[in-house]
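# could you work out the structure for the sequence below:
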Amino acid sequence: MKELIDKIAIGQRIKRCREMLEMSQISFSQALNVKQQTISQIENGSILPSFEILVLLAEKYGVSYQEIIDGRKADKDRQNVSLPSELVSVPITDISVAAGMGNFNEDYVEIMNTIQLPPHLVRKGKHLCVKIKGHSMSPTLQDGGFVIIRQLEHFEWEKQTDERIFVITTKKGEAFIKRLKLRFKKDFVVCMSDNPDKFTYPNFNLDINDINTLWYAEWYLSAKMPNIHEQYYERLQRLEDEVDEIKRKLG
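Alright, predicted model coming up:
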């Protein structure tokens, strides 16, 4: 998917934005709370802008993700058709959330692409589209699928419905997608897998002080459509075979 992004073109758009604001690289980097070297590397096409930079460009200067990523304007009057301007751009990032025992992610979040959604499907707040890695949330969520997640402010944590699916990141840099039992009054959460194989994918607890961010899983995108009934009958057949084998051994 990275091949779809033209770093040089994106860098030129960032540079054009800075020049239209009549700002130097130094003042621009200070406004975006990054090093001047970072702005220089973005503008020459060495690296892609982080999600935080895109958010600040949108908030401070009204420059949309869409305009930076693919060059399309977000203003209706600057488009030939009105439909794309009404869509909300959700960044697709390079991190994978582990549906298993955790996946270490770097602090720098690289934007790989965007997904466009109608505004009525996207609640107010910071959203990301991230890839699922692993099988612990099967059959609910499949390995290789994508979830669109919304970051929750700390005051929102205790207001969430129990046993819903969340992405949780830790201060160690781990990221999990799990069904959570929220026990904030007792200072911990229970991370549960949907996979019925609890020996391979056991539940575990996280102390509230170890949690860095909490994201609510709002949408799930996948080309895989598993036959849940078939999986159920396969497990039932294996169980019957095991019972028959035990009976045979017991004579």
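# could you pull out the helices for the stretch 1-150 of the chain?
7-20, 25-31, 36-43, 51-61, 65-70 (DSSP state H, counting those that start in this stretch).
# who are the packing partners of the shortest one?
I take that to be helix 65-70. In terms of contacts (3 or more C-beta pairs under 8 Å, 6 or more residues apart in numbering; DSSP states H and E), helix 65-70 is packed against helix 7-20, helix 51-61, strand 88-98, strand 111-117. To be clear about C-beta, it is placed using only N, CA and C from the backbone, and glycine gets the same treatment.
# go on, the fourth one?
In terms of contacts (3+ C-beta pairs under 8 Å, 6+ apart), helix 51-61 is packed against helix 65-70, strand 88-98.
# hey, C-alpha coordinates of the shortest one in CSV?
Taking Å, rounded to 0.1, in the frame of the first residue of the first chain, the C-alpha atoms of helix 65-70 are listed here in CSV:
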residue,chain,number,x,y,z
TYR,A,65,-5.8,15.3,4.9
GLN,A,66,-7.3,14.7,1.4
GLU,A,67,-5.6,17.8,0.0
ILE,A,68,-2.2,16.8,1.4
ILE,A,69,-2.4,13.1,0.5
ASP,A,70,-3.8,13.2,-3.0
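# neighbours around Ser46, how many?
By other C-beta atoms under 10 Å, the residues close to Ser46 number 13.
# over to His154?
9.
# report pLDDT for it.
As predicted, His154 sits at a pLDDT of 91.
# what's the answer for the one 3 residues further on, then?
If you check Trp157, the pLDDT there is 94.
# got the contact list for it?
Residues near Trp157 by C-beta atoms under 8 Å, 6 or more residues apart in numbering: 182, 184, 214.
# for it, helix, strand, or coil?
helix (DSSP: H, G, I helix; E, B strand; the rest coil).
# roughly how far apart are it and Leu250?
According to C-beta to C-beta, to the nearest Å, Trp157 and Leu250 sit 51 Å apart.
# grab the nearest non-local neighbour of Gln12.
Nearest non-adjacent residue to Gln12, counting by C-beta to C-beta, 6 or more residues apart in numbering: Glu43, 7.4 Å away.
# how about the one you found, what does it touch?
Taking C-beta under 8 Å, 6+ apart as the test, what Glu43 contacts is 11-12, 14-15, 18, 25.
# residues in contact with Lys15?
Contact analysis of Lys15 by C-beta under 8 Å, 6+ apart lists Glu43.
# strands of the stretch 101-250 of the chain, start to end?
For the stretch 101-250 of the chain, the strands defined by DSSP state E, counting those that start in this stretch occupy 103-104, 111-117, 127-133, 146-151, 165-170, 174-183, 188-192, 204-207, 211-221.
# what is the burial count for Ala9?
For Ala9, the number of neighbouring residues by other C-beta under 10 Å comes to 14.
# that one contacts Gly71, correct?
Yes - when contacts are counted by C-beta atoms under 8 Å, Ala9 is listed as touching Gly71 (7.0 Å).
# re earlier: want to try JSON lines for the strands of the stretch 101-250 of the chain, with distance to Ser50 as columns?
Below are the strands of the stretch 101-250 of the chain laid out as JSON lines (distance: least, C-beta to C-beta, whole Å):
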{"stretch": "strand 103-104", "distance to Ser50": "18"}
{"stretch": "strand 111-117", "distance to Ser50": "7"}
{"stretch": "strand 127-133", "distance to Ser50": "12"}
{"stretch": "strand 146-151", "distance to Ser50": "15"}
{"stretch": "strand 165-170", "distance to Ser50": "16"}
{"stretch": "strand 174-183", "distance to Ser50": "16"}
{"stretch": "strand 188-192", "distance to Ser50": "27"}
{"stretch": "strand 204-207", "distance to Ser50": "26"}
{"stretch": "strand 211-221", "distance to Ser50": "15"}
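# was I right about His55 contacting Leu128?
You called it His, but residue 55 is Val. No - using C-beta under 8 Å, Val55 is not in contact with Leu128; the gap is 10.6 Å.
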